[in-house]
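# give the three-dimensional model of this entry:
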Amino acid sequence: MKKLLSSAAAACLVLFAFIASPASAVVSFDDVPPSYRFYEEIVYLHAEGVIDGFEDGTFRPNSTVTRGQAAKFIGDALGLDGTQRGTDFSDVAAGNTFSGYIQSAAEAGIISGYPDGTFRPHEPVERQHVALMLAKAFDFPQVLDEDFTDVGPNMEAYEAIAILANFGVAQGYPDGTFRPEQDVTRGQFAAFLARAYEPYFIPEKAALLETSNDILQHLKDQDFEAVAEYVGSEGLSFCPFAGGCADGDGVTMAKGQVRNFMEITTEYLWGYEAGSGFEINLTPAEYYDKYLLDAPYEEKTMYGNSGDSMSRELIRERYPEAVIIEYYYPGTEANSYMDWQSLSMVFEEQANGDWTLLALVNDRWTP
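Below you'll find the model as predicted:
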């Protein structure tokens, strides 16, 4: 199998491009020097309008994050309505600075209060509660468990901690603990949120993004022999629509077939048109032109959050443990952007740490 870029090399390449960008150059806090461990994450989130500092020009990275502040940070990342208003919690009045974010997050199922009906917005947020919030707020692969000596399956946050640890958002300590009840500082929360919001801050995910860009170029070059090097024993599935992928449609080819993709003259049933339900019967070369690369997809420097989330949700139904990298073409103003298209690369990590390409899933709007 073709090797990924080393995590360190990929992270350096991506980070260099980010730090050199105009957006990041305008952001600076007096107490967050470039040498600070989570400097890049804080710079990025501030540039995105997700977190802010204080009027004196500081960020105070070592101060603890309150539960109310955590709701605001996540709310800004997701674009939730922060308008101050009444809430479902007895201790969060409409006049509370974070009331809108707290209520929006509660309605979205991201946060919950205590059995006594309170939210306790001024209390420090603990690591276990951050895990619960982020696991509910963002799109992560499913995982079975994670071995921390101080986290057991009877804990409310057990699954959430496993999800974040498995994906690389939150990690444990050298002694094998997670320390779920430990308060979270503003710097630590920025790191957790940045990794959940934009996976390129996780070194191995940055490396995977570089690999997906290589695959995109191979597809553009019609170099399926190179694409086949990323395919494992399960083969590679091609689906013209995410909904059909969830239903089990598509054509799965073994590595040898993938190598000869453009030369195969057999006509396959790839699936069904999402709108009409008509059969899609094409040769691989015809499928390539009409679906697989029927949009000017560009290389990604970041994973991004502007694509079609519904497509990812549908793909996840078939591949619950996969990491999905989506290339999104927004369409044209002349067509009211109804001509959008997407190409999702579906990867799964193997037991030895390698990643294999499981599927190439296209999607588009159909009447």
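# please look at Asp31 and Ser63 and confirm they touch.
No - counting by C-beta atoms under 8 Å, Asp31 stays clear of Ser63, with 10.1 Å between them. (Each C-beta comes from the backbone N, C-alpha and C, glycine too.)
# burial count for Glu156?
Neighbour count of Glu156, defined by other C-beta atoms under 10 Å: 13.
# so the residue nearest to it when sequence neighbours are not counted is in which element?
Excluding its sequence neighbours, the residue lying closest to Glu156 (C-beta to C-beta, 6 or more residues apart in numbering) is Leu132, at 7.0 Å. Assigned by DSSP states H and E, Leu132 belongs to helix 127-137.
# contact partners for the residue nearest to Glu156?
111, 156-157, 160 (C-beta atoms under 8 Å, 6 or more residues apart in numbering).
# how about the strands in this protein?
236-239, 251-253, 268-272, 279-282, 323-329, 341-349, 355-364 (DSSP state E).
# alpha carbons only: can I get the first one in PDB?
This means strand 236-239. C-alpha atoms of strand 236-239 as PDB (Å, rounded to 0.1, in the frame of the first residue of the first chain):
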ATOM      1  CA  LEU A 236     -12.900   0.200  -4.000                       C
ATOM      2  CA  SER A 237     -16.600   1.200  -4.200                       C
ATOM      3  CA  PHE A 238     -18.000   3.800  -6.600                       C
ATOM      4  CA  CYS A 239     -21.300   5.400  -5.800                       C
END
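# next, the buried residues of stretch 51-66.
51, 53, 59, 61, 64-66 (16 or more other C-beta atoms under 10 Å).
# my bad, stretch 111-121
Buried residues in stretch 111-121 (16+ other C-beta under 10 Å): 111-113, 119-121.
# how about JSON lines for these, with pLDDT and distance to Ser336 added?
Formatted as JSON lines, the buried residues of stretch 111-121 follow (pLDDT from 0 to 100; distance: C-beta to C-beta, whole Å):
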{"residue": "Ile111", "pLDDT": "95", "distance to Ser336": "36"}
{"residue": "Ser112", "pLDDT": "91", "distance to Ser336": "39"}
{"residue": "Gly113", "pLDDT": "92", "distance to Ser336": "42"}
{"residue": "Phe119", "pLDDT": "98", "distance to Ser336": "41"}
{"residue": "Arg120", "pLDDT": "97", "distance to Ser336": "46"}
{"residue": "Pro121", "pLDDT": "97", "distance to Ser336": "42"}
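# out of those residues, flag the one nearest to Pro330.
Ile111 (31.3 Å; C-beta to C-beta).
# what pLDDT is listed against the residue lying closest to the closest one once chain neighbours are set aside?
Sequence neighbours aside, Ala105 is the residue nearest to Ile111 in space, at 4.5 Å (criterion: C-beta to C-beta, 6+ apart). Model confidence at Ala105, given as pLDDT, is 98.
# list the contacts for Ala105?
71, 74-75, 80, 111, 133, 137.
# among those, which pair sits farthest apart?
Leu80 and Met133 (12.1 Å).
# now list whatever residues contact both of the two.
74, 105.
# between those two, who's got more neighbours?
Applying other C-beta under 10 Å to Leu80 and Met133 shows that Met133 carries more neighbours, namely 25 against 21.
# isn't that one right up against Lys72?
No - if you go by C-beta under 8 Å, Met133 and Lys72 don't touch, sitting 11.6 Å apart.
# what about the spatially closest residue to Pro33 that is not a sequence neighbour, how many neighbours?
Spatially, and ignoring its direct neighbours in sequence, Pro33 is nearest to Tyr39 (7.0 Å; C-beta to C-beta, 6+ apart). By the criterion of other C-beta under 10 Å, Tyr39 has 18 neighbours.
# how far does stretch 316-327 sit from the chain's center?
The chain centre lies 10 Å from the centre of stretch 316-327; the measure is C-alpha atoms, centre = their mean, to the nearest Å.
# buried stuff in that stretch?
Buried residues in stretch 316-327 (16+ other C-beta under 10 Å): 316, 318-319, 322-327.
# stretch 285-295 now?
Result for stretch 285-295 [16+ other C-beta under 10 Å]: buried residues 287-288, 291-295.
# coming back round to it: need the contacts of Leu132 in TSV with distance to Gln171, can you?
Converted to TSV, the contacts of Leu132 look like this (distance: C-beta to C-beta, whole Å):
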residue	distance to Gln171
Ile111	23
Glu156	20
Ala157	15
Ala160	14
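# out of these, who's nearest Pro180?
Within the contacts of Leu132, the smallest distance to Pro180 is 6.2 Å, found for Ala157 (C-beta to C-beta).
# tell me if I'm right that the closest one and Met133 touch.
No - counting by C-beta under 8 Å, Ala157 does not reach Met133; the two are 9.8 Å apart.
# residues bridging contact with those two, i.e. touching both?
Common neighbours of Ala157 and Met133 (C-beta under 8 Å, 6+ apart) do not exist.
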